[in-house]
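> sharing a model that was predicted from the sequence below.
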Amino acid sequence: MVSNCKGFSSPEKQFPELVRRVTAHIPVIIQLREKHLNAKALYKLALTVKRHIHDKDSLLFINERFDIALASGADGVHFPEKSCPFGKALAVSPGMIAGKSTHSLKQALSAEADGAEYLIFGPVFETPLKKRYGPPMGLEKLDEICRHVSVPVYAIGGIVPRNSRQCIEHGAYGVAAMSVFHSSENLNRTLANFHAALEL
Amino acid sequence: MKIERTTLCCITSDSSCPVMQAEKALKGGATMIQLRRKSASGSELYEWSKSIQELCRAHNAIFIVNDRLDIALAANADGVHLGQEDLPADAAKKLLGKNKILGVSVSSVTEAEKAGRSGADYVGFGHIYPTASKQKSCRPVGPDSITEVVRALLLPVIAIGGITLDNVCEVINAGASGVAVISAVAEAPDPEKATSLLKQKMLSCLQ
């Protein structure tokens, strides 16, 4: 579950509440990705979110800022493109699980070689949020990536319960999504559908 | 590394390549460089940090990264400088360790004392005079308030905000351990010369 607090009128309350509701139904990795927040606000949000995680199988990841991940006691850090070099960051963030966003086979292989413990690959399907990464790369490309790397690959981009099963069938370990959690009209049904599709 | 009396800290401005800015400031006699660019990506900040750190080592100067403790750690900078809206100082100090420098921006005695308790190695106090480098909502604190902060703290106080050749002696005589400048160097027609003049003036007013 990738965060998008910009859509909330009082994010510091609404996002942790969403975390509580989601983690009560399914285990998730919560990825805090809030570029507009200053470090103090992000740190405080991370501490609050951590307290709202309902189950012990869910994990909290912070985008890029491994200092904030370490300080807030998060489980890991997710590195986007154009972040501080992966290997250099890993060397000074002991105990952190680290993953990376990738958009091609070449990037995926190099991220795995650098020590990424999981990859997020996409966009697999059409998504309005990630237009800048170009057209969706589709399930065949996902399949190819998953065959070439041995770390878990999470599919991202236009993920909904009904297409997440296809991602798993094409080699993905899991799926990553933002919009489907934040704009669901019936969150409980969405989560139940994910539960069924991913056989959680 | 220690914060010396007459520290001259040059903070990079957004107007040109920060490595070039650092190089000119160091040639002019800057003893501390602070890399500050809010809009830059992590990879850019890391690359600039490696280059500036190398330059600082060659000039026996201190290299500090603004806000991004992650970059400071990854690039093995000498320290990090945090504002009031950045990671809390006590949390940062734990990650940074004893041997690295933690600077904290403060604008009152209360904030300065809190920074001291949180493990700051120096405070950046200001803004002393009106400044156009950053949008400020509050009024300048004035040079007399430097003395108050210096008396209240056992830490070096580096004055910032609108400091120029004309008022730098007032700041040093008020007890500041040094000054930090952005535009006075970065926006000068000859940044190396501007740094050098500022440095000479600082040294002369202590004699």
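In hand now; what should we look at? Numbering: from 1, shown residues only, chains lettered A, B, ... in the order given.
> pretty sure residue B:85 is touching residue A:42, no?
No. With contact defined as Cβ atoms under 8 Å, residue B:85 does not count as touching residue A:42 (10.4 Å). Heads up, the C-betas are built off the backbone N, CA and C, glycines and all.
> look at those two and report which has more neighbours.
Taking other Cβ atoms under 10 Å in any protein chain shown, residue B:85 and residue A:42 do not tie; residue A:42 has more neighbours (24 against 12).
> what sits in contact with each of residue B:85 and residue A:42?
Common contact partners of residue B:85 and residue A:42 (Cβ atoms under 8 Å, 6 or more residues apart in numbering or on different chains): none.
> ranges for the strands of the chain?
If you meant another chain, say so; for now it's chain A. In chain A, the strands defined using DSSP state E lie at A:29-32, A:59-63, A:76-79, A:97-102, A:118-121, A:153-156, A:174-176.
> wait, chain B was what I had in mind.
Shown for chain B, the strands assigned by DSSP E span residues B:7-11, B:32-35, B:62-66, B:79-82, B:101-106, B:122-126, B:157-160, B:178-181.
> what parts of chain A come near chain B?
Those residues of chain A that sit near chain B, judged by Cβ under 8 Å from any Cβ of the partner chain, are A:38-41, A:43, A:64-68, A:70-71, A:82-85, A:88-89, A:91-93.
> return the members of the residues you listed classed as buried.
Buried members of those, scored by 16 or more other Cβ atoms under 10 Å in any protein chain shown, are A:39-41, A:43, A:64-68, A:70-71, A:83-85, A:88-89, A:92-93.
> just for chain A, where's the confidence low?
A:129-133 (pLDDT under 70).
> contact partners for residue 149?
Picked chain A for this. Counting by Cβ under 8 Å, 6+ apart, residue A:149 touches A:108, A:109, A:112, A:119.
> ah, no, chain B please
Contacts for residue B:149 were tallied using Cβ under 8 Å, 6+ apart; they are B:106, B:109, B:112, B:123, B:125, B:157.
> nearest to chain A, of the residues you listed?
If you rank the contacts of residue B:149 by distance to chain A using Cβ to the nearest Cβ, residue B:106 comes first, at 14.5 Å.
> any idea how far the closest one lies from residue B:149?
7 Å (Cβ to Cβ, to the nearest Å).
> list residues touching both of those two?
Counting by Cβ under 8 Å, 6+ apart, the residues touching both residue B:106 and residue B:149 are B:112, B:123, B:125.
> will you turn the residues you listed into TSV that also has neighbour count, pLDDT and distance to chain A?
Shown next, in TSV, are those (neighbours: other Cβ atoms under 10 Å in any protein chain shown; pLDDT from 0 to 100; distance: Cβ to the nearest Cβ, whole Å):
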residue	neighbour count	pLDDT	distance to chain A
B:112	24	98	18
B:123	30	98	17
B:125	30	98	19
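> the residue nearest to residue A:140 when sequence neighbours are not counted: what's it in contact with?
Spatial nearest neighbour of residue A:140, excluding adjacent residues (Cβ to Cβ, 6 or more residues apart in numbering or on different chains): residue A:170 at 7.6 Å. Counting by Cβ under 8 Å, 6+ apart, residue A:170 makes contact with A:139, A:140, A:142, A:143, A:146, A:155.
> distance to residue A:25 for the shared contacts of residue B:106 and residue B:149 - can I get that in a markdown table?
A markdown table is the format used below for the shared contacts of residue B:106 and residue B:149 (distance: Cβ to Cβ, whole Å):
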| residue | distance to residue A:25 |
| --- | --- |
| B:112 | 48 |
| B:123 | 48 |
| B:125 | 51 |
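> and which of those residues is nearest residue B:144?
residue B:125 (12.1 Å; Cβ to Cβ).
> who does the closest one form a beta bridge with?
Applying DSSP bridges to residue B:125 yields these beta-bridge partners: residue B:106, residue B:159.
> in terms of contact, does it touch residue B:141 like I think?
Yes. Judged on Cβ under 8 Å, residue B:125 makes contact with residue B:141 at a distance of 7.3 Å.
> now for these two: what residues contact both?
residue B:107.
> how about the residues of chain B by chain A?
B:41-46, B:67-71, B:73-75, B:84-88, B:91-92, B:94-95.
> mind giving me the ChimeraX select for those residues, buried ones only?
Here is the ChimeraX selection string for the buried members of those, based on 16+ other Cβ under 10 Å:
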select /B:42,43,45,46,67,68,69,70,71,73,74,75,86,87,88,91,92,95
